[in-house]
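In: everything below, folded, please.
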Amino acid sequence: MSLQDEFPPCGEKEIEDSQKFIIELMGVVLISTLTWAIFRFITKDIIGPVNSISFSITYILVAPIVFLGPAMYYWVKHREEEGLPVRLFVYDSPQATLTERAVRTFTERMVKYSLIIGVLLTIVNFLLELILDWGTLNSGMYGKTEMNFSWMPEVDSTFAYIILVFTNLAIVATVEEFFFRGFIQDQFSRVVKTWQSILISATIFAMTHIPIAIFIYEIEGIWLFISLINWFGFGLATGYVYYITRNIWVVVAWHGIWNVTVSTISYGFLIWEIPSPGLEKFVWTFQTLLINALLLLCIYFARDYLAEFGRFEKIPPEPKSIEVKL
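Out: So this is what the prediction gives:
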């Protein structure tokens, strides 16, 4: 039995027209993406930098409405479905109450292993980037180099850092994984092949980051293209892990821990030489592709362990009552 059969996406209503369903989903994506882009453009000179308290508070207030609002409206009003469009609990039996399903899902094992998987995947991703960055910058292209680590760069205070951690763990990761993996990927998988739904979700995930890349980070040129590769690669990786585990909380944990890690630990290199622009663009593009390919390869080889520890525990069947006559 496949993972999709064992843990199907949400949705009880039959999909009568696959093409119409795809267009409707893309319409939801377009509304959310355009709204987010317009909001970022209008507020680019008002909201503080990405690690500021004002940025975190703004995200907490706005992002859930922008991304989850249209999805919920489409789900409830247009599809006339009951419940949420995201499978929060594997054991979504109609007979069980929300509390019973939550208790079954949020076991100590599930929470522990979701966090462990998130930490391990973050370490693997971070080490891949660190090692390959070090190798590229010490390849001779840049001459002599000097590496420096920094702790909590661009964070004004401990309070700001606490807000940043909370925002990334509780809001950013949750909202984005619910929308891109729990809703977009799962719903597309109802009408297209699973690998296609992962590609679609990863592409949308990458494209949605363009507004913040341009208006907040002010990235342009080849570095914008490289950033898009990274976001697309991360979308593929999280989509694949979600497919393997069928546990939305595993990818929420990984996404949140990764965001906090890269906001906490930073490194840079002092260089003495600049290579030709063409060579530099080629090398960094190839390296970015290599990092994401190696990350996916690591996930592939660890897929059995991810499935074993990332999926929910099986709940033993309730004992049948036996009538005994004396």
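
In: please name the residues that touch residue 126.
Out: Shown in contact with residue 126 (C-beta atoms under 8 Å, 6 or more residues apart in numbering): 261-262, 265. Yep, even glycine has a C-beta here, placed from its N, CA and C like the rest.

In: out of those, who's nearest residue 29?
Out: Using C-beta to C-beta, residue 262 comes nearest to residue 29 of the contacts of residue 126, at 25.6 Å.

In: so the closest one, which state does it fall into?
Out: Under the three-state scheme (DSSP: H, G, I helix; E, B strand; the rest coil), residue 262 adopts helix.

In: burial of it, as a residue count?
Out: Residues near residue 262, counting by other C-beta atoms under 10 Å, number 14.

In: for it, which non-adjacent residue is spatially closest?
Out: Distances taken as C-beta to C-beta, 6 or more residues apart in numbering place residue 126 nearest to residue 262, at 7.6 Å, with adjacent residues excluded.

In: any idea how far stretch 205-214 is from the chain center?
Out: Its chain's average C-alpha position is 13 Å from that of stretch 205-214, according to C-alpha atoms, centre = their mean, to the nearest Å.

In: dump that stretch to CSV, keeping only the CA atoms.
Out: Backbone C-alpha positions of stretch 205-214 (Å, rounded to 0.1, in the frame of the first residue of the first chain) are rendered in CSV as follows:
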residue,chain,number,x,y,z
PHE,A,205,7.3,28.1,-2.7
ALA,A,206,10.4,29.5,-4.5
MET,A,207,8.4,32.1,-6.5
THR,A,208,6.5,33.3,-3.4
HIS,A,209,9.9,34.3,-1.9
ILE,A,210,10.7,36.7,-4.7
PRO,A,211,8.9,39.7,-3.1
ILE,A,212,10.9,39.4,0.2
ALA,A,213,14.1,38.7,-1.8
ILE,A,214,13.7,41.9,-3.8
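
In: outside of that stretch, which residues touch it?
Out: The contact list for stretch 205-214 (C-beta under 8 Å, 6+ apart) reads 32-33, 36-37, 40-41, 50, 176, 180, 219-220, 224, 227-228, 231-232, 234-235.

In: show me which of the residues you listed are buried.
Out: Neighbour counting by 16 or more other C-beta atoms under 10 Å classes 32-33, 36-37, 40, 176, 180, 219, 227-228, 231-232, 234-235 among the contacts of stretch 205-214 as buried.

In: quick one: low-confidence ranges for the stretch 201-326 of the chain?
Out: When the per-residue scores of the stretch 201-326 of the chain are filtered using pLDDT under 70, the ranges that remain are 312-326.

In: please enumerate the strands of it.
Out: Read by DSSP state E, counting those that start in this stretch, the stretch 201-326 of the chain holds these strands, from start to end of the chain: 265-271.

In: now swap in the stretch 51-200 of the chain and tell me
Out: 145-151.

In: how close does residue 157 sit to residue 164?
Out: Residue 157 sits 10 Å away from residue 164 when distances are taken as C-beta to C-beta, to the nearest Å.

In: between the two, who's got more neighbours?
Out: Of the pair residue 157 and residue 164, residue 164 is the one with more neighbours under other C-beta under 10 Å, namely 23 against 10.

In: ok, now which ones touch that one?
Out: 51, 56, 155, 260, 263.

In: so which bits of the strand or helix carrying residue 28 are buried?
Out: Under the criterion DSSP states H and E, the helix or strand holding residue 28 is helix 18-42. Using 16+ other C-beta under 10 Å as the test for burial, helix 18-42 gives 21-22, 24-25, 28-29, 31-33, 35-37, 39-40.

In: quick one: which of those residues is nearest residue 296?
Out: Proximity to residue 296 was ranked across the buried residues of helix 18-42 by C-beta to C-beta; first place goes to residue 29, at 23.5 Å.

In: residue 80: neighbouring residues, count only.
Out: Applying the criterion other C-beta under 10 Å, we find 9 residues in the vicinity of residue 80.

In: mind checking how far it is from residue 73?
Out: The span separating residue 80 from residue 73 equals 12 Å under the rule C-beta to C-beta.

In: try residue 255
Out: 24 Å.

In: neighbour-wise, which of these two wins?
Out: Neighbours around residue 255 and residue 73, counted as other C-beta under 10 Å, are more numerous at residue 255. The numbers are 26 against 13.
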